[in-house]
Every structure is written in C-alpha cells, then in structure tokens.
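1. Everything below, folded, please.
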Amino acid sequence: MTESITNNISGTNNSYSQPTKSGSEIGKDQFLKLLTYQLKSQNPLKPYDNQEFATQLAQFSQLETLTDIRSLIEGQVNSNLLLTKTISNSALPGLLGKHAKAISNTATYDGNSAVKLGYKLDITASSGELQIKDSAGKVVRTIELSGTDLESGEHTINWDGKDGNGNQLAAGQYTFSVSAKDKAGTSYNPDCFTYGVIEAVRFKSEGTMLVINGLEIPLGNVTDISTES
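-> Coordinates of the predicted model:
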C-alpha cells in the first residue's frame, strides 16, 4: 500500500515582521508627557474641569491596555511560528528516501535511466509540444503532444535522454517547458513538474529546501510525497 502525503500549500513563510509605527501614532509614554505638560500649562484661573480631565485619563488607560494586548498578541504569534517551524524541521528528515513531485522545469539526467517529466493542462488543448534544453539553453529535443497527452489534467512523459536525432546526451541538468494552444488558437504555458528521490533536507536563510535528484527545490514547491515512484 502506498503511503502518500500531499501538500496543497504553494508556499510558506516562517518569518515575522513587526508592524512599524506611523509618524501619527504615539505611545503611552508620549501621551503621558503631553498630559503632564498640559496640566503644567493650564490657566490657574481657569483650570480644566473634572469631566475633561477624567476623559483624558480614560483615554490614557485605554491606550495602555491596547498596547499591552498588542504586545501579548505579538509574543504569541512569534511563539507559534517558532513552535511550528521546530515541529516541521523535526519531521522533515523522515522524508529522506521518499519519492517526490515538485513544481519545477528542471530535471536531472543520469546518462542512463529515462527521466520522468510532468505537466498539467487546465483545459484540453488542440495542439502542444514539450521542449527540452541543455544547460547552455540549446534546444536538444522537441516532443509533439497528441491524443490523450492534450487532454485536461496531469500528464507524464518519459524522456529517454536522446536528442532529436536519436543521439544519447550527456548526464547533467536539463530544463523543459510545455507550450499548448486551445481550440481558439491561443497559446499558453502550463505548469511543469519534476520527479525524484529526496536525498537531503537543507535549512537555509531563504527557507527549507529539499534536494531531489541533485536539485534544490523549495519545500513549498513540493506537491506530493510517497513511498513509491
């Protein structure tokens, strides 16, 4: 029985940015200073009435309460993010050796085994082609799509590692893309997928990366993980 994990999240962000205060906002310390200065500057012959002074004190009390609540919420958010990241990072090593599918237009050819290339059509196309390029950007193979390969949904093609003339290509990284046309003749480029075994997990400043067949792929780009290819 195949064990499968599907990730429908396109991307995650573990960082947290504290909101910045605008120039029109004041803190409780500034408010208290203004209130004290106001009391010092009042006209002794016409002091503030009790109701007005009570209103200002109530405003100060509300400001202090809101500031404390804001600090508490920010602390909870940071704690939750740290906890989520810790749990996630602890579980990721268990993915080593599993088979993954990820959004990527790059694939690794080992010089021997066929390479599985994937793409997804949102609508049924009238025509299309899959183009493969080497590391220098040169087109080495063009595969015309036909029949069921043009139907709406996900598709895979096993590339044998040969160029358009039937010559075996060298091992290395290759990029591929799919272009399709709908019934109205409008061209579009569907999403592409790469497949492979998860070889390593790397925690980098830009986020968690999975190494799949020698390629560093962001964790958020991985859409499916299973025990079988």
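2. Please count neighbours and contacts with C-alpha atoms only from this point.
-> Noted.
3. What's the biggest strand in this protein, counting residues?
-> strand 191-204 (DSSP state E).
4. which outside residues touch it?
-> Outside strand 191-204, the residues that touch it by Cα atoms under 8 Å, 6 or more residues apart in numbering are 92-93, 95-107, 116-121, 176-178, 208-214, 229.
5. So which of these belong to strands?
-> The strands, defined by DSSP E, take in 99-103, 106-107, 116-121, 176-178, 208-212 from the contacts of strand 191-204.
6. quick one: the helices in this structure?
-> 28-40, 50-91 (DSSP state H).
7. Give me the residue ranges of this protein where confidence is low.
-> When residues are selected by pLDDT under 70, those of the chain lie in 1-29, 31-32, 34-35, 37-54, 56-61, 63-64, 78-91, 229.
8. mind saving the C-alpha coords of the longest strand of the chain as CSV?
-> Provided in CSV are the C-alpha atoms of strand 191-204 (Å, rounded to 0.1, in the frame of the first residue of the first chain):
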residue,chain,number,x,y,z
ASP,A,191,2.9,24.2,-15.0
CYS,A,192,5.7,21.7,-15.2
PHE,A,193,6.7,19.1,-12.6
THR,A,194,9.9,17.2,-11.8
TYR,A,195,10.1,13.9,-10.1
GLY,A,196,12.8,12.1,-8.0
VAL,A,197,14.0,10.8,-4.7
ILE,A,198,14.5,13.2,-1.7
GLU,A,199,18.2,13.0,-1.0
ALA,A,200,18.7,15.7,1.7
VAL,A,201,16.9,18.5,3.6
ARG,A,202,18.7,21.8,3.9
PHE,A,203,17.7,24.7,6.2
LYS,A,204,18.7,27.9,4.6
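9. Show me how this structure divides into domains.
-> Taking automatic domain parsing as the reference, the chain has its domains at 26-94, 96-226.
10. Quote the end-to-end distance of the last one.
-> What it means is domain 96-226. Length of domain 96-226, first residue to last, Cα to Cα, to the nearest Å: 11 Å.
11. Also stretch 138-157?
-> By Cα to Cα, one end of stretch 138-157 lies 20 Å from the other end.
12. How about that stretch, which residues are buried there?
-> Neighbour counts using 16 or more other Cα atoms under 10 Å place 139-142, 145, 149-151, 155-156 of stretch 138-157 among the buried residues.
13. Out of these, list just those in strands.
-> 139-142, 145, 155-156.
14. Kindly reformat those as TSV containing distance to residue 202.
-> As requested, those are exported to TSV (distance: Cα to Cα, whole Å):
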residue	distance to residue 202
139	32
140	32
141	33
142	34
145	36
155	29
156	28
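15. tell me which of these is nearest to residue 55?
-> residue 155 (68.4 Å; Cα to Cα).
16. can I assume the closest one is in contact with residue 149?
-> Yes. Using Cα atoms under 8 Å, residue 155 is in contact with residue 149, at 6.5 Å.
17. which ones are touching the nearest residue to residue 180 once chain neighbours are set aside?
-> For residue 180, ignoring the flanking residues on the chain, the nearest one in space by Cα to Cα, 6 or more residues apart in numbering is residue 128 at 4.0 Å. Contacts of residue 128 were listed using Cα under 8 Å, 6+ apart, and they are 144-146, 150, 178-181.
18. Recalculate using a threshold of 10 Å.
-> Contact partners of residue 128, counting by Cα atoms under 10 Å, 6 or more residues apart in numbering, are 143-146, 149-150, 178-182, 187-189.
19. Kindly report the same for residue 165.
-> Per Cα under 10 Å, 6+ apart, neighbours of residue 165: 140-141.
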